[in-house]
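Novice: coords please:
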Amino acid sequence: MDNTVPAAERFHRSWRQWWRHLWSDRGDITDVLGAEAITRLEARITTSEQHHSGEIRLCVEAALPWRYLRDGASPRARALSVFSKLRVWDTEHNNGVLVYLLLADRAIEIVADRALHRHIDPDQWQALVEAMQPLLRQGQHEQALRNTITALDEALRHWFPLSGEQRNPNELPDRADLR
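Specialist: This next block holds a predicted model:
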């Protein structure tokens, strides 16, 4: 809880947040992205994974589940939970990465498994998230996600390239997880 903000403002802010979450549903995802955009993003992930051993998962969630909202969970806490639930950590080389978009809060989180996290400085992760924010505010969700997938592709190609005839076994689904 942020105690530097007056209680009345915290209440007003939390009330607005609750309202956004309670009125958001999975249909908001297709309003923002559309089936064709989701298909293009999934294809981009599939193409990316042909060039490195990493695994990219995309999760777009309309709103926090009631339990998370009630407990005051942050988008980061929810992203960590989704990372676990989708088993992004369960790859041979520990180089899975989750791109998590929470529409109700316009929040983006990137959660990387330990092998990838060792190679990328926290400031680089933050810069990637910050680069998405203006596009999200402008309603360019597909472009923001596409840019992020491209940046992750570059990092994974650099740190986990495939050699010769080696192929990515595609340990995780490429389809977006829509909640």
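Novice: give me the low-pLDDT residue ranges for the protein?
Specialist: 1-13 (pLDDT under 70).
Novice: the helices in it, which residues?
Specialist: For the chain, applying DSSP state H gives helices covering 7-23, 27-32, 34-48, 66-70, 75-85, 114-119, 122-137, 141-159.
Novice: which one, of those helices, ends up nearest to Gln166?
Specialist: helix 141-159 (12.9 Å; CB to CB). Any C-beta I mention is one placed from the backbone N, CA and C, and that applies to glycine too.
Novice: got the angle between that closest one and helix 122-137?
Specialist: Compare the direction of helix 141-159 with that of helix 122-137 by axes from the mean of the first three to the mean of the last three CA atoms, to 10 degrees and you get 160 degrees.
Novice: contacts for helix 141-159, please.
Specialist: With contacts defined as CB atoms under 8 Å, 6 or more residues apart in numbering, helix 141-159 is touched by 32-33, 37, 40-41, 44-45, 48, 51-54, 56, 58, 95, 97, 99, 101, 108, 110, 116, 119-120, 128, 131-132, 135-136.
Novice: buried sites along it?
Specialist: Residues of helix 141-159 classed as buried by neighbour count (16 or more other CB atoms under 10 Å): 141-142, 144-146, 148-149, 151-153, 155-156, 159.
Novice: now the helices of the chain as TSV including distance to Glu171?
Specialist: Below are these laid out as TSV (distance: least, CB to CB, whole Å):
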stretch	distance to Glu171
helix 7-23	32
helix 27-32	25
helix 34-48	13
helix 66-70	27
helix 75-85	14
helix 114-119	13
helix 122-137	22
helix 141-159	13
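Novice: ok so, going back, any chance of the buried residues of helix 141-159 in JSON lines with distance to Pro169 as columns?
Specialist: Listed next are the buried residues of helix 141-159 as JSON lines, based on distance: CB to CB, whole Å:
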{"residue": "His141", "distance to Pro169": "30"}
{"residue": "Glu142", "distance to Pro169": "28"}
{"residue": "Ala144", "distance to Pro169": "29"}
{"residue": "Leu145", "distance to Pro169": "24"}
{"residue": "Arg146", "distance to Pro169": "24"}
{"residue": "Thr148", "distance to Pro169": "23"}
{"residue": "Ile149", "distance to Pro169": "19"}
{"residue": "Ala151", "distance to Pro169": "23"}
{"residue": "Leu152", "distance to Pro169": "18"}
{"residue": "Asp153", "distance to Pro169": "17"}
{"residue": "Ala155", "distance to Pro169": "20"}
{"residue": "Leu156", "distance to Pro169": "14"}
{"residue": "Trp159", "distance to Pro169": "18"}
